[in-house]
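S.K.: Show me how the following folds:
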Amino acid sequence: MWLASALAHKGYIVAAVNHPGTTTKDRNPQAAAQLWQRPADLSRAIDAVLAQPKQFGAVANQQIAAVGHSLGGWTVLEIAGARFDPDLFARDCAEHPKLGGCIGYHEMNPAATPEGKARLAADLSDKRVTAIVSLDLGLSRGMTDASLAAFKVPALVIAGGVPTEDMDPNLESANLVKHLPKASTQYVEISDATHFSFMSICKPGAIKLIEESSPGDGMICRDGEGGRPRAVIQQQVVGLITGFLGRLSTQDQKTTDR
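M.R.: Down below sits the predicted model:
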């Protein structure tokens with residue numbers, strides 16, 4: 001929610017979408033298996049905002065961006081036209097079984113049935129989305145080279161530069177951008193950011209409390225050792241995103257003025 005608030009304060013209309021049953025701490029097996037519903041959740045949010053201009057404000061229809069962290073990064077790539085190949089991902093996970101995306105995917109098991117596999121591999125795009133921002137995404141190694149090469153919207157791909165066993169930017173974000181169109185893709189790796197630096201700032205004493213209730217999960221409060229405070233890292237992230245969206249808005253305006 002910190003990012004939604006920051007962007008709203010910059011003047012953007014923001015819809016912060018929850019995905020019941022498919023998040024790390026809210027994982028309902030039946031809901032989690034329907035991974036293809038995540039892009040649909042975004043489409044429903046867009047529908048709701050566009051249908052209520054008096055409540056949300058008038059939306060610039062040609063300037064709808066989707067931003068997502070972790071599995072949310074996969075979601076925004078999918079809604080913008082990337083295609084997922086469950087068989088490709090299964091083969092890749094056999095080579096990289098310790099990647100967090102592979103572990104989470106195995107737990108959710110969205111391709112357990114022929115129908116699930118087909119729906120996961122289907123076109124989940126929404127043509128109203130005109131730009132995307134991914135923050136240290138996962139599951140990208142299951143996206144097809146052909147769909148990434150044909151990716152039609154500008155993309156800002158931001159990665160945490162502190163590698164861990166389950167999240168290595170060289171295997172996820174940095175690898176992804178090699179397959180996206182260079183002219184419309186921007187890649188930024190933040191050297192002192194971990195995967196969790198894109199989450200809310202922890203309150204004082206949070207690590208101890210979290211460890212007491214869920215041993216090992218205190219890592220969500222840790223950023224790169226010797227690096228900047230999370231608040232400063234997040235200021236950089238907001239600046240990168242608003243700069244990216246601002247440039248696109250300027251380009252759209254120039255195109256309209258011609």
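
S.K.: Secondary structure class of the residue nearest to residue 2 when sequence neighbours are not counted, three-state.
M.R.: The spatially closest residue to residue 2, leaving aside those adjacent along the chain, is residue 200, at 5.0 Å (Cβ to Cβ, 6 or more residues apart in numbering). Where C-beta positions appear, they are placed from N, C-alpha and C, glycine not excepted. Of the three states, residue 200 takes coil according to DSSP: H, G, I helix; E, B strand; the rest coil.

S.K.: With the one 3 residues further on instead?
M.R.: For residue 203, the secondary structure call by three-state DSSP comes out as coil.

S.K.: count of neighbours near it?
M.R.: Here the number of neighbours of residue 203 (other Cβ atoms under 10 Å) works out to 9.

S.K.: how close does it get to residue 2?
M.R.: Residue 203 sits 13 Å away from residue 2, taking Cβ to Cβ, to the nearest Å as the criterion.

S.K.: if we can go back for a sec, what is the burial count for the residue nearest to residue 2?
M.R.: Counted with other Cβ under 10 Å, the burial measure for residue 200 works out to 15 neighbours.

S.K.: and what of residue 223?
M.R.: As a burial measure, the neighbour count of residue 223 was computed by other Cβ under 10 Å and equals 22.

S.K.: Could you double-check that it lies in contact with residue 194?
M.R.: Yes. Judged on Cβ atoms under 8 Å, residue 223 makes contact with residue 194 at a distance of 5.5 Å.

S.K.: okay, and the common contacts of these two?
M.R.: Residues touching both residue 223 and residue 194 (Cβ atoms under 8 Å, 6 or more residues apart in numbering) are residue 162.

S.K.: where does this structure dip in pLDDT?
M.R.: Counting by pLDDT under 70, the chain contains low-confidence residues at 22-27, 253-258.

S.K.: Mind jotting down where the helices sit in it?
M.R.: Counting by DSSP state H, one finds helices in the chain at the ranges 2-9, 29-33, 37-51, 53-56, 71-79, 86-95, 100-108, 114-121, 145-149, 173-177, 206-213, 230-257.

S.K.: Using CSV, lay out those helices together with mean neighbour count.
M.R.: Listed next are the helices of the chain as CSV, based on neighbours: other Cβ atoms under 10 Å:
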stretch, mean neighbour count
helix 2-9, 15
helix 29-33, 15
helix 37-51, 17
helix 53-56, 10
helix 71-79, 27
helix 86-95, 15
helix 100-108, 18
helix 114-121, 15
helix 145-149, 14
helix 173-177, 20
helix 206-213, 13
helix 230-257, 14
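
S.K.: can you redo the ones you listed as a markdown table with distance to residue 184?
M.R.: Below are the helices of the chain laid out as a markdown table (distance: least, Cβ to Cβ, whole Å):
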| stretch | distance to residue 184 |
| --- | --- |
| helix 2-9 | 21 |
| helix 29-33 | 32 |
| helix 37-51 | 20 |
| helix 53-56 | 28 |
| helix 71-79 | 13 |
| helix 86-95 | 24 |
| helix 100-108 | 24 |
| helix 114-121 | 24 |
| helix 145-149 | 12 |
| helix 173-177 | 11 |
| helix 206-213 | 39 |
| helix 230-257 | 10 |
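
S.K.: Could you point out which of the ones you listed sits nearest residue 167?
M.R.: Of all the helices of the chain, it is helix 100-108 that lies closest to residue 167, at 5.2 Å by Cβ to Cβ.

S.K.: got a list of contacts for that closest one?
M.R.: Helix 100-108 is touched from outside by 22, 24, 27, 29, 32-33, 35, 71, 74, 89, 92-93, 96-97, 138-142, 166-167, 172, 195, with contacts defined as Cβ under 8 Å, 6+ apart.
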